[in-house]
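Asker: pasting the structure only:
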């Protein structure tokens, strides 16, 4: 019987560089002989596509509807019998995910009461908690500089004011859930390779333990 894989989540405000860092971590783990799977939320399934259209501003939705859609997309992402995260973990793969329920706590809580968002995501949290959540931390000012420099389009949450609120909501959630969640905060305003090295060292020593 294969050992269960590890579930590693990357979080951060838009522009933090987390997507780059999770790919670099996967490369380092693969070199160590650890089979990895990269995935993301929202997904590109039926519900996920609707969420991408909401985030891009193509369609509008009530904030509670958006929050509920994230939960539906997340549950399918976890439990889908064809390619769900739980299936990959049971097969021994280490799954590295770009965003999970802390993103809902941070982003949706700027528009919907945080207690409602946490309760809505309870089934997800009870079904699968990350072995570690890596938060790549940068200032909203740096985030907006990166977004405006590197992107052709800007999503609805991508203003300095909104990202400031989102970052504050992340840290409030981390503090509130410090007894049940394993969160590692990484300074994301440094050299990309140095950040990647620090993340890989931490994961290999403390999570994968090889």
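Answerer: Cool, got the structure. All values derive from a computational prediction rather than experimental measurement.
Asker: just confirm residue 173 contacts residue 103, I think it does.
Answerer: No: assessed by C-beta atoms under 8 Å, residue 173 is found out of contact with residue 103, at 9.9 Å. From N, CA and C alone the C-beta is placed, and that goes for glycine too.
Asker: list the contacts of residue 83.
Answerer: By C-beta atoms under 8 Å, 6 or more residues apart in numbering, no residues touch residue 83.
Asker: the helices in this protein, which residues?
Answerer: 18-31, 46-55, 63-79, 85-90, 101-107, 114-120, 122-127, 140-150, 160-176, 192-202 (DSSP state H).
Asker: the nearest residue to residue 15 once chain neighbours are set aside: neighbour count?
Answerer: With sequence-adjacent residues excluded and distances taken as C-beta to C-beta, 6 or more residues apart in numbering, residue 15 is closest to residue 143, at 3.5 Å. Residue 143 has 24 neighbours, counted by other C-beta atoms under 10 Å.
Asker: and residue 143, what does it touch?
Answerer: 13-16, 160, 163.
Asker: check residue 132 too.
Answerer: Each residue near residue 132 by C-beta under 8 Å, 6+ apart is listed here: 6, 8-9, 182-184, 203, 206-207.
Asker: residue 192 too?
Answerer: Going by C-beta under 8 Å, 6+ apart, residue 192 touches 17, 20-21, 24.
Asker: cutoff 7 Å now
Answerer: Counting by C-beta atoms under 7 Å, 6 or more residues apart in numbering, residue 192 makes contact with 17, 20.
Asker: same thing with residue 74?
Answerer: Shown in contact with residue 74 (C-beta under 7 Å, 6+ apart): 41, 101, 124.
Asker: now the closest residue to the first one other than its chain neighbours: how far from residue 74?
Answerer: Setting aside the residues directly before and after it, residue 41 is nearest to residue 99 in space (C-beta to C-beta, 6+ apart), at 4.5 Å. Separation of residue 99 from residue 74 (C-beta to C-beta, to the nearest Å) stands at 9 Å.
Asker: shared neighbours, these two?
Answerer: Jointly contacting residue 99 and residue 74 under the rule C-beta under 7 Å, 6+ apart are residue 41.
Asker: for ChimeraX, write the select line for the buried members of the contacts of residue 74.
Answerer: Command for ChimeraX that selects the buried part of those, burial taken from 16 or more other C-beta atoms under 10 Å:
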select :41,101,124
